[in-house]
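S.K.: Any chance you could fold what I've pasted below:
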Amino acid sequence: MNIVIFACVDFPEGPATTSRIRLLSRTLHAAGHSVALAIFNANAKNAITENTMAEGCFESIDFRYLSGRTVRPTGFFGILSDTVKGIANSVFYLAEMRKEGRADAVLLYTPDIFRCLPVVLMAKLGRIPLVMELCEIFSSDRRKGGLKETIGRLGAQFGDRKLPVWSSGVMAISTKIIGYLKQQGISDGKIVHLPVLVDYDRFVRESRAVVPCLTGKRYFLNSGALDEKEGLNFIMEAFAHVAAKYEEVRLALTGSPAKGRREQVLEFARKLNIEDKLIFTGYLSPEQLIWAYQHAAALLCCRAGMEFANYGFPTKLAEYLSSGSPVIANGVGDMPIYLKDGESAFMAVAEDSASISGQMKKVLDNTALAVRIGLNGRKVAERYFDFRNYEAILDEFLRSVCLKQESGEYRGNRPNTEVQSK
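M.R.: All right, here's what the predicted structure looks like:
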């Protein structure tokens, strides 16, 4: 099959969204499908070193930035122009692919209704099977914001409810999302559980891309966005208790936080008297990130217990586990399905800094236990998250839902509220 994926993503390198798209595409390609990636617009506002082409081929994936830019412009009118150009070109792109016979199915990655509606309408008019992937339920995000956030939330509510109904099939990253879909009346046959994916072999290999600011240091590491759902304030409170006893230990934070967020983090660190114990690594290349994972005392995945975080599932957790370093996680979302305290991870209570600090101290006080748990966690990643395990599952699902659309079987949905888990 010829599959066209539409997404907002930085490609070929970038944050968790990029990893998901790349591994999803590789899974489809390994299953014998041709994959074309149509990117509405980039997310990065600063150039990513590896992303130098607006279109090309990477790991057998043909990709094109529909806005023509690999960097998101700044300013209201720049962003608006970039967005409109990407949306408009998506229609022409899909029409071109359909005319050439290269669009047997359209896959929307965690779509928002504003960008994806023209593609949805084109697919419907062209009778192209439409499959969507849900990695978040955006309407569950209760964080307050201005007019822009309010409009986005209203659009998310419409998209979360309507797009799955209009689709031939839905790929869900978590059992929580599967439960949500069934509550909306989506039938079992239209849903497949596709958890976080990782290139296991890549993280098992020892990285030689040293991160100078971490060399020779003993540190806990939190990777990715420093936003509310990551539970960073609870992590920092926990670390403050640990740092009072273990003066040599540091807290490393990777990635490039949103504007003003680093200052907020530093202000909170000053109140806790740990400002001098934080290490902001900034953007790390993929190999540097792996090195940072492999040399950490422990890797932190202590999400906040908010509804939005419960629906999702962090890509970084699969990467953490694959590295073989011990992981401190909690019971948010699907984590307890895969991890067991004292065996494959150090499990803390969500939003409980005392519980998190207790697990940090266990890591520091018992190296042998930490090593054993890290190796057991690696086995979990290999069994459940390596993308190679899902080639046949994804191939069978796509062929099934596309065939059912052609036969007219999906003219409606039947309600089913039972949630299945591993």
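S.K.: So residue 252, which state does it fall into?
M.R.: strand (DSSP: H, G, I helix; E, B strand; the rest coil).
S.K.: for it, what are its contacts?
M.R.: For residue 252, the residues meeting the contact criterion (Cβ atoms under 8 Å, 6 or more residues apart in numbering) are 214, 217, 219, 220, 221, 222, 278, 279, 281, 292, 296. Every C-beta, even on glycine, is put in place using the N, C-alpha and C of the backbone.
S.K.: Just name the closest of those to residue 76, please.
M.R.: Nearest to residue 76 among these, counting by Cβ to Cβ, is residue 281 at 31.2 Å.
S.K.: my read: that closest one touches residue 211, true?
M.R.: Yes. Contact status for residue 281 versus residue 211: in contact at 6.1 Å, counting by Cβ atoms under 8 Å.
S.K.: who touches both of the two?
M.R.: By Cβ under 8 Å, 6+ apart, residue 281 and residue 211 have these common neighbours: residue 292.
S.K.: count of residues packed around residue 80?
M.R.: 11 (other Cβ atoms under 10 Å).
S.K.: Among the contacts of residue 252, name the ones in helices.
M.R.: Using DSSP state H, the members of those that fall within helices are residue 292.
S.K.: are any of the contacts of residue 252 buried, and which?
M.R.: With burial judged by 16 or more other Cβ atoms under 10 Å, the buried subset of the contacts of residue 252 is 214, 219, 220, 221, 222, 278, 279, 281, 292, 296.
S.K.: what about the strands in the stretch 201-350 of the chain?
M.R.: 218-222, 249-254, 278-282, 298-301, 327-330, 346-348 (DSSP state E, counting those that start in this stretch).
S.K.: Out of those strands, which is the most enclosed?
M.R.: Of the strands of the stretch 201-350 of the chain, the one with the most neighbours on average (mean count of other Cβ atoms under 10 Å) is strand 327-330, at a mean of 29.
S.K.: Distance from that one to the middle of the chain?
M.R.: The chain centroid and the centroid of strand 327-330 are separated by 17 Å under Cα atoms, centre = their mean, to the nearest Å.
S.K.: Show me what it is packed against.
M.R.: strand 298-301, helix 315-323, strand 346-348, helix 353-365, helix 367-384 (3 or more Cβ pairs under 8 Å, 6 or more residues apart in numbering; DSSP states H and E).
S.K.: Of those, which is nearest residue 246?
M.R.: If we rank the helices and strands packed on strand 327-330 by Cβ to Cβ, the stretch that ends up nearest is helix 353-365, at 5.8 Å.
S.K.: could you check the angle strand 249-254 makes with the closest one?
M.R.: Comparing the axes of helix 353-365 and strand 249-254 via axes from the mean of the first three to the mean of the last three Cα atoms, to 10 degrees yields an angle of 110 degrees.
S.K.: Could you break the protein into its assigned domains?
M.R.: Using automatic domain parsing, the domains assigned to the chain come out as 2-197+388-407, 200-384.
S.K.: ok, now how distant is residue 182 from residue 175?
M.R.: 10 Å (Cβ to Cβ, to the nearest Å).
S.K.: before we move on, what about residue 251?
M.R.: Applying Cβ to Cβ to residue 251 and residue 175 gives a distance of 31 Å.
S.K.: Quick one: the strands of the stretch 201-350 of the chain as a markdown table, columns for distance to residue 23 and mean pLDDT too.
M.R.: Below are these laid out as a markdown table (distance: least, Cβ to Cβ, whole Å; pLDDT from 0 to 100):
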| stretch | distance to residue 23 | mean pLDDT |
| --- | --- | --- |
| strand 218-222 | 22 | 97 |
| strand 249-254 | 20 | 97 |
| strand 278-282 | 23 | 95 |
| strand 298-301 | 19 | 98 |
| strand 327-330 | 20 | 97 |
| strand 346-348 | 26 | 98 |
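S.K.: By mean pLDDT, which helix or strand of the chain comes out lowest?
M.R.: Lowest on mean pLDDT, DSSP states H and E among the helices and strands of the chain sits helix 147-166, with a mean of 75.
S.K.: Now the closest residue to residue 373 other than its chain neighbours, what are its backbone angles?
M.R.: Excluding its sequence neighbours, the residue lying closest to residue 373 (Cβ to Cβ, 6 or more residues apart in numbering) is residue 326, at 4.9 Å. With angles defined as degrees, to the nearest 10, residue 326 sits at phi -70, psi 150.
S.K.: what number of residues lie near residue 326?
M.R.: Residue 326: 27 surrounding residues under other Cβ under 10 Å.
S.K.: My guess is it contacts residue 300. True?
M.R.: No. Using Cβ under 8 Å as the test, residue 326 is too far from residue 300 to be in contact (10.4 Å).
S.K.: so what pLDDT did residue 414 get?
M.R.: What the model reports as pLDDT for residue 414 is 36.
S.K.: nope, residue 138 is what I was after
M.R.: At residue 138, the pLDDT recorded in the model is 81.
S.K.: just to revisit the earlier point, redo the strands of the stretch 201-350 of the chain as TSV? Include distance to residue 202.
M.R.: What follows is these, written out as TSV (distance: least, Cβ to Cβ, whole Å):
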stretch	distance to residue 202
strand 218-222	18
strand 249-254	17
strand 278-282	19
strand 298-301	16
strand 327-330	18
strand 346-348	24
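S.K.: and residue 231, which of those is closest to it?
M.R.: strand 327-330 (7.8 Å).
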